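Student: make a model of this:
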Amino acid sequence: MQPVTFKIEFIPLARSLHVAAGTTILNAARKLHVSIPAFCGSRGLCGKCRVTVEKGYFPPTVVEQSLLTAEELKAGIRLACEAKIADHCTIRVTEDKEVLALLEGQVHAVDLSPAVQVHRIKVPQPSLEENSADLKSVLNAAGIKTSFGIPLDFLQKLPHKLREYEYSGSLISVSGRVIDFLPNNSLKGPFGIAVDLGTTTIVGKLYNLVTGNLLAVSAMLNKQSDFGEDVISRISYADKNGGEKLQLAAIESINTILENLSASAEILQDQIYEMTLAGNTVMLHLLLGVPAQFLAVYPFVPAFNGPVYESAKTLGLKMNKNARIYCFPVLGRYVGGDTAALLLTLYRKTLHSWLAIDIGTNGEIVLFHDKKYYFCSAAAGPAFEGAHIKHGMRAMNGAIDHIFYHSGEIHYHVIGDKSPKGLCGSALVDAMAVLHRTGLINLSGAIQSADGFERYVGTHENQPCIYMTQQKNIILTQKDIRQIQLAKGAIAAGVEILLRKTGLAVSDLNAVFLAGAFGQFLDIDNVMYIGLLPEMERRKIHFIGNAACAGAEMALLSVDERRTIQQLLDRAEYVEIATDPAFLDIFTEKMFIH
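Tutor: Got it, this is the predicted structure:
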C-alpha cells in the first residue's frame, strides 16, 4: 500500500515537493533547503519557527496553543516544528539570509611562511642514460626529499602532465607534501582561506599565499541554525537524529563562502590549497562528523584535542580536492579552537595580567597572569543571541540594538532605521540597566511599578512585562529577564572564579579584551552597571573584534604561528568552574543587578 502524500509549497520561494502525511512543516522545509530558524532544536520550546499557512488546515497542537496567541492562530500562524501535514498546503516563510557579522580583528604582522609552497621546476627529458622515475625527477628538482603521503590521483596524472608541460611547471606542496602540478602560466596563486566557523555566523577570508595580500571577504549565517540556535540544541539534535545533517549544513555553508570568495577575487576554487579553521569545540566536532553528545554529559569530554588535519576531498569542500584543512586545537571541553586562535592575537602583549572574554553562548574566558594562561567556559546560554527571549532576535535589520532613557521616556535605536521587530543582545544588556535605573526592576530583577514609568508595565499571559515600544508590540517578560540574569551571572561568575584562582583583584588587571561581534557593540557603562563585567577603569577595556578569524589568518600566513599555539598551550590550565566549591554562591550573587 502506497503511503499517503501531500504537496507542500513554500512561498515566495516557489519551492515544492510531496511528503508523507504526518511530516512536520520544518522537516519538509529542510528537504527543500528552506531555512526556518529552530532555536530550540525542534523541541517545541522557543516558539521562533513561525510560518504562515496560506492554504491547508493544521489543527493547533497543545504546544502551539501555549506559545501562540489566539489572534496569531486565527491569522494562520503555526510553529513549523509542531504543525504536521495532513492536506495539500501553501506555507509563507521569510528566509533569514542577511547577516551582520563582525569581519575584522586585530591581525598582527607575521613573517610570511605559509604551509603552501610553489616550486617552479624544470627537469631533463628522460633518456636511456638518465631515466629516473617521473616522481623522483620532480621531487629532486623541487628539493623535496620524501614522497610520503602523495595523493594517488597526483601520481596518476603526473606522467601525462609532465610531458604535456614539456618537463617544466609549478609543483604545489603543503608542509612538504606534494599535491598538485600545473603549467607555469596558469597559476595565479596559490591561495588559502581562513575561516571562523561560528555558532551563528561564518566568516571567510581569501589570501594570496605568495604575496600575503587579502583578496576577498565573505560572511553568512551558519546553516546549522536551522537545527538549533545554541550548541546544546545541536548536540541534542545530533544525538537523536545523527550528526550527518549538521555536518552537511556546515559544509554547505563553508562551500557557499568558498564560492563567494572565488567569484569576488575571480580565481579558480581549484587553486585554493589550504584552509585554516577556528571554531568552538562543538562546531569542530560537528564539522568533522565526530560524535559530540559526550560533550553534553558529565564529565563533558571532547573526542579530540587536535589540531586536526583533513583533506578537502574527505569533507566535500569545494577547493582543490587535495587541499588541506587545518583545524585549531581544542583547549578543553567547551573552550575550543576559536579561543586558541584568540590567543594568537594576544600572546605578544607584554602586560603582566590581562583578561579576555568572548561573550556568547559558551562564554569563553582567558586570564593571563605570571606567564600562564587560565581558561574557563561559562554556560551563558543563547539569551544574548536572542534565543529563549519572547521578542529576542539576532543583530540584523529591524533589531533594536540600543536602549536609553531621556526626559522621562525610554528610547531605542533600530538597526537599519526600520520598524522594530525585536531585541538583540546589546539591547537586552541596555534594557536591564535602563529598567533598573528607572526603578522598573529591582536588584533581584523582579518587575515592579515605578513613579513616572507606570505606563511601561503591563501583563502577558497573567505575568508582568515591560513594554519596550510605544506600540506595546515588543515586550520583556519576567521570564526574559531571568534568562538574561542567568546569562550574565554565568559570565560574571567565570571571571570571579578565575580572579580568585590567581589571587588577583580587578584592579590588578592591566587590560580587559572583549572579542566577538556581541562584545563589539556593547555599552560598557551598562555592562558594568548590571554586573556583567566588574567595575574598572574604562581605559583598560579594549575591543579586539573577530579574534577567531584574525588568529586563523595569522596561522594561514605563517606555520610558525601554529607552532606557537602549542607552546602557549603548554602554559595553559583549564579551570572547571562548575566544580569550584564557591561556584553556586558566586553565580547566585552575580545574578543580581549591581
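
Student: please report phi then psi for the nearest residue to residue 281 once chain neighbours are set aside.
Tutor: Leaving out its chain neighbours, the residue that sits closest to residue 281 by CB to CB, 6 or more residues apart in numbering is residue 336, at 3.7 Å. (C-beta placed from N, C-alpha, C; glycine too.) With angles defined as degrees, to the nearest 10, residue 336 sits at phi -110, psi -160.

Student: and residue 336, how many neighbours does it have?
Tutor: 31 (other CB atoms under 10 Å).

Student: double-check it against residue 287; I have them as touching.
Tutor: No - the criterion here is CB atoms under 8 Å, and residue 336 misses it with residue 287 at 11.2 Å.

Student: spit out the residues that contact those two alike.
Tutor: Taking CB atoms under 8 Å, 6 or more residues apart in numbering as the contact criterion, the common neighbours of residue 336 and residue 287 are residue 279.

Student: what sits against the residue nearest the centre of the chain?
Tutor: In the chain, the centroid-proximal residue (CA atoms, centre = their mean) is residue 198; its distance is 1.3 Å. By CB under 8 Å, 6+ apart, residue 198 lies in contact with 101, 222, 279, 283, 338, 548.

Student: chain neighbours aside, what residue packs nearest to the last one?
Tutor: The shortest distance from residue 548 to any residue other than its chain neighbours is 3.9 Å, reached at residue 338 (CB to CB, 6+ apart).

Student: would you mind confirming that that neighbour makes contact with residue 358?
Tutor: Yes - Residue 338 is within contact range of residue 358, at 7.1 Å (criterion: CB under 8 Å).

Student: what do these two both touch?
Tutor: Each of 364, 547-548 lies in contact with both residue 338 and residue 358 under the rule CB under 8 Å, 6+ apart.

Student: picking that back up, what sits against the residue nearest to residue 281?
Tutor: 279-284, 328, 330, 362, 364 are the contacts of residue 336 under CB under 8 Å, 6+ apart.

Student: quick check: mean pLDDT across whichever strand or helix holds residue 466?
Tutor: Assessed by DSSP states H and E, residue 466 sits inside strand 463-467. The pLDDT scores in strand 463-467 average 94.

Student: helix or strand next in line after it, which one?
Tutor: Next in line after strand 463-467, if elements are assigned by DSSP H and E, sits strand 475-477.

Student: contacts for that following strand next, please.
Tutor: Here strand 475-477 makes contact (CB under 8 Å, 6+ apart) with 389-391, 423, 431, 435, 458, 460-461, 463-468.

Student: report the buried members of these.
Tutor: Among the contacts of strand 475-477, those classed as buried by 16 or more other CB atoms under 10 Å are 389-391, 423, 431, 435, 460, 464-468.

Student: now those in a markdown table, please, with extra columns for distance to residue 37.
Tutor: Below are those laid out as a markdown table (distance: CB to CB, whole Å):
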| residue | distance to residue 37 |
| --- | --- |
| 389 | 13 |
| 390 | 15 |
| 391 | 14 |
| 423 | 16 |
| 431 | 22 |
| 435 | 27 |
| 460 | 22 |
| 464 | 27 |
| 465 | 23 |
| 466 | 24 |
| 467 | 25 |
| 468 | 21 |
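
Student: which of those sits closest to residue 510?
Tutor: residue 431 (31.5 Å; CB to CB).

Student: residues touching that closest one, list them.
Tutor: Residue 431 makes contact with 403, 423, 466, 468, 476, 484, according to CB under 8 Å, 6+ apart.

Student: and it, that's in a helix?
Tutor: Yes - judged by DSSP: H, G, I helix; E, B strand; the rest coil, residue 431 forms part of a helix.

Student: just the pLDDT for it.
Tutor: Per-residue pLDDT puts residue 431 at 96.

Student: show me how far the helix-or-strand element of the chain with minimal mean pLDDT is from its chain's centre.
Tutor: When the helices and strands of the chain are scored by mean pLDDT, DSSP states H and E, helix 516-520 comes last with a mean of 76. In terms of CA atoms, centre = their mean, to the nearest Å, the centre of helix 516-520 is set 12 Å apart from its chain centre.

Student: immediately after it, which helix or strand?
Tutor: Heading C-terminal from helix 516-520, the first helix or strand you meet, by DSSP H and E, is helix 524-529.
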